[in-house]
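Peer 1: One predicted model, sequence on top.
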Amino acid sequence: MKKVRICCVQYELRKITNFREFAQQCEYFTDVASNYKSDFVMFPELFTTQLLSFEETKRCQPGEQRTFINKYTEEYIALFSKLSLEYNINIIAGTHLQD
């Protein structure tokens with residue numbers, strides 16, 4: 001039986017100004033997990049809600065936040081695909097809301 005190492009990320013949702021900052025934080029945690037020779041890195045559920053921190057979301061109607069986050073779906077998938085290949089690690093990227 002082979003042992004598997006899983007790195008669970010404790011991710012702080014802090015204010016960011018763009019998707020690039022989000023990507024930098026995700027890469028940092030992926031790099032750390034890879035340095036520890038983890039087989040998997042697991043990000044928290046709904047952590048892409050952090051993307052709302054740079055959107056003007058005063059008095060949003062229900063579902064508008066999901067529509068905003070959905071604009072980043074392609075970048076989100078591309079980011080984690082790139083990180084997985086670059087750091088040679090399986091990424092469990094958490095829930096991402098889509099329309």
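Peer 2: Noted; the coordinates are in hand.

Peer 1: rest of the way, CA atoms for contacts and neighbours
Peer 2: OK.

Peer 1: and the helix or strand of the chain with the lowest mean pLDDT, C-alpha only, in PDB?
Peer 2: None of the helices or strands of the chain scores lower by mean pLDDT, DSSP states H and E than helix 64-70, at a mean of 80. Extracted in PDB, the C-alpha atoms of helix 64-70 (Å, rounded to 0.1, in the frame of the first residue of the first chain):
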ATOM      1  CA  GLU A  64     -25.300  38.800  -9.300                       C
ATOM      2  CA  GLN A  65     -22.200  37.700  -7.300                       C
ATOM      3  CA  ARG A  66     -22.300  34.300  -9.000                       C
ATOM      4  CA  THR A  67     -22.600  36.000 -12.400                       C
ATOM      5  CA  PHE A  68     -19.500  38.100 -11.600                       C
ATOM      6  CA  ILE A  69     -17.500  35.200 -10.400                       C
ATOM      7  CA  ASN A  70     -18.500  33.200 -13.500                       C
END
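
Peer 1: What are the buried residues along it?
Peer 2: Across helix 64-70, burial judged by 16 or more other C-alpha atoms under 10 Å covers Gln65, Phe68, Ile69, Asn70.

Peer 1: what does that helix contact?
Peer 2: Applying C-alpha atoms under 8 Å, 6 or more residues apart in numbering, the contact partners of helix 64-70 are Thr48, Thr49, Leu51, Leu52, Thr57, His96, Leu97, Gln98, Asp99.

Peer 1: What count of nearby residues applies to the last one?
Peer 2: Pointing back at Asp99 there. 10 (other C-alpha atoms under 10 Å).

Peer 1: can you tell me which residues contact it?
Peer 2: Shown in contact with Asp99 (C-alpha under 8 Å, 6+ apart): Arg66, Thr67, Asn70.

Peer 1: those strands in this protein, which residues are they?
Peer 2: Here the chain has its strands, by DSSP state E, at 6-8, 40-42, 90-92.

Peer 1: What strands line up against the last one, and which way round?
Peer 2: The one in question is strand 90-92. In the sheet, strand 90-92 lines up against strand 40-42 (parallel) (DSSP bridges).
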